[in-house]
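>>> build the 3D model from these lines:
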Amino acid sequence: MHAAILTNFATPKGGAEKVAIESARGLAEAGVAVTLIHGADGPADPMLDHPGIRRVGLGLTDVWERPAWRGAVEGIWNREAARRLGAALAALPARPDVLHLHQWTRALSPAIFPVLARTGIPVAVTLHDYFLVCPNGVYYRFDKAEPCGLRPFSPACLAAPCDPQSRVHKAVRVARALAQVAAIARCFPALDLVHVSDGSRARLEPMMRGAPFRHHRIDNPVRVARAAPADPAAGDAIAFIGRFTREKGADLVAHAAHQAGLPSLFIGDGPLADELRAVPGAEVIGWRAPAEVEALLRARARAVAAPARWLETGPLTIYEALAAGIPAVASDRAGAGEKIRDGETGFVVAPEVAALAEVFGRLRDDALVRRLGEAAHARYWDAPMTLAAHAGALRNLYEGMKGAAEAPSFQRKAVM
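Below you'll find the predicted structure:
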């Protein structure tokens, strides 16, 4: 089996790249030959240092680093990305059995979809977000600070001022989304979509009826080695890990923890960093390496919180907390809430300060925190979301995709 994995970067700049890289490593450790193709230049994550992984960089530039006009043009349709990807695939010493796309919006653009289709190789896409149906990618109204309820690509959707930056930026995103929809409809007889939570699948699948999609459900991998459970009762803070934005609820954690009389610890960075520092009891320490993050959480966290306002598909930080034996607090809008037993391994609450403050106040009880942490650790390791489990699920998916591609009905449809 040979799988080619495609994404924007060879180092994590978000959850999508992290999953792509860890998937590559898990598959390689399971004996699958892996080619990881990344669009933009830059350093490679050490996880990719494995004899079973071939890494191919396309030498492209992140559109966020381009002048605005050029970034807009390349974000909609990057002909150079398509040309380089086609050349890279043609130059591989062995033809992949499957192509697995994780992220394309910052270096690759929708121009890669016809290239992938022309190979005749089955293609899977993991849906870390909502970019296949939503111009801004998160199915969220930034103008109203609430999840979107509009039908994708309806007149109301196209006219809504929902972009976090401007109407001009929304227009560029709409153009990119329409180019993407047209390319997929024109080029693919079938496309396999991987959903990372039951909630995101339930929302997305009805929006895609009538399109050439086959839907699958595979958990994201969690790279946490099994160890004794942490002692969260010895910690002092509510922790938040990731990008500090309003849609992710970073501000909610700071204000709710302050109301509950607990410190808050923020690992990461983002536009709300200065606002968070102004909240009494909030400590912002920037990005840290994964091993340091785990050590910090084991030493400081009474709980890890991810109270997203948007319909987050599956935040990895919640799964990692449960694996370490740290209680988790997730939004009732997020896919991660599916992994929490409310009141037993953590809490699932509305992304509102009052609701969070009530839960955080309960977490001042050492006995409760210790009991939640022990239960979280036990339940997680009963059915762990390990790299090996993730790789096994992917291998099963790929074998099914190969079988479908080899079936006569698929071949006839592909020719039409």
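>>> can you give me the neighbour number for the residue nearest to residue 125 when sequence neighbours are not counted?
Leaving aside its sequence neighbours, residue 125 sits nearest to residue 101 (C-beta to C-beta, 6 or more residues apart in numbering; 4.8 Å). In short, each C-beta sits where N, CA and C put it, glycine included. Using other C-beta atoms under 10 Å, residue 101 has 21 neighbouring residues.
>>> okay, and the beta partners of residue 101?
Bridge pairing for residue 101 (DSSP bridges) gives the partners residue 6, residue 125.
>>> you'd agree it is up against residue 115?
No. In this structure residue 101 lies outside contact range of residue 115 using C-beta atoms under 8 Å: 10.9 Å.
>>> residue ranges of the helices in the stretch 251-400 of the chain, please?
273-277, 290-300, 316-324, 353-362, 366-382, 387-406 (DSSP state H, counting those that start in this stretch).
>>> could I get those as TSV with distance to residue 135?
Output for the helices of the stretch 251-400 of the chain, formatted as TSV (distance: least, C-beta to C-beta, whole Å):
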stretch	distance to residue 135
helix 273-277	27
helix 290-300	32
helix 316-324	25
helix 353-362	30
helix 366-382	36
helix 387-406	28
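>>> out of those, indicate the one that is most buried.
Comparing these by mean neighbour count (mean count of other C-beta atoms under 10 Å), helix 316-324 ranks first with a mean of 26.
>>> angle of that helix against helix 290-300?
Interaxial angle of helix 316-324 relative to helix 290-300 (axes from the mean of the first three to the mean of the last three C-alpha atoms, to 10 degrees): 60 degrees.
>>> for helix 316-324, packing partners?
helix 15-29, strand 237-243, helix 290-300, strand 301-306, strand 328-331, helix 366-382 (3 or more C-beta pairs under 8 Å, 6 or more residues apart in numbering; DSSP states H and E).
>>> for that helix, what is the distance to the chain centroid?
14 Å (C-alpha atoms, centre = their mean, to the nearest Å).
>>> tell me the mean pLDDT for it?
Averaging pLDDT along helix 316-324 gives 94.
>>> kindly report the domain assignment for this protein.
2-221+387-415, 232-382 (automatic domain parsing).
>>> among those domains, which gets the worst mean confidence?
Note on these: domain 2-221+387-415 shows the lowest mean pLDDT, a mean of 92.
>>> mind putting the helices and strands packed on helix 316-324 into JSON lines with distance to residue 82?
Shown next, in JSON lines, are these (distance: least, C-beta to C-beta, whole Å):
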{"stretch": "helix 15-29", "distance to residue 82": "20"}
{"stretch": "strand 237-243", "distance to residue 82": "29"}
{"stretch": "helix 290-300", "distance to residue 82": "34"}
{"stretch": "strand 301-306", "distance to residue 82": "36"}
{"stretch": "strand 328-331", "distance to residue 82": "37"}
{"stretch": "helix 366-382", "distance to residue 82": "42"}
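>>> so which of the helices of the stretch 251-400 of the chain is nearest residue 346?
The minimum distance between residue 346 and those falls on helix 366-382, with 6.1 Å, by C-beta to C-beta.
>>> what about residue 334, how many residues nearby?
Counted with other C-beta under 10 Å, residues neighbouring residue 334 total 27.
>>> gap between it and residue 162?
Per C-beta to C-beta, to the nearest Å, residue 334 is found 19 Å from residue 162.
>>> what's the answer for residue 78, then?
Plainly put, residue 78 is 24 Å away from residue 162 if you go by C-beta to C-beta.
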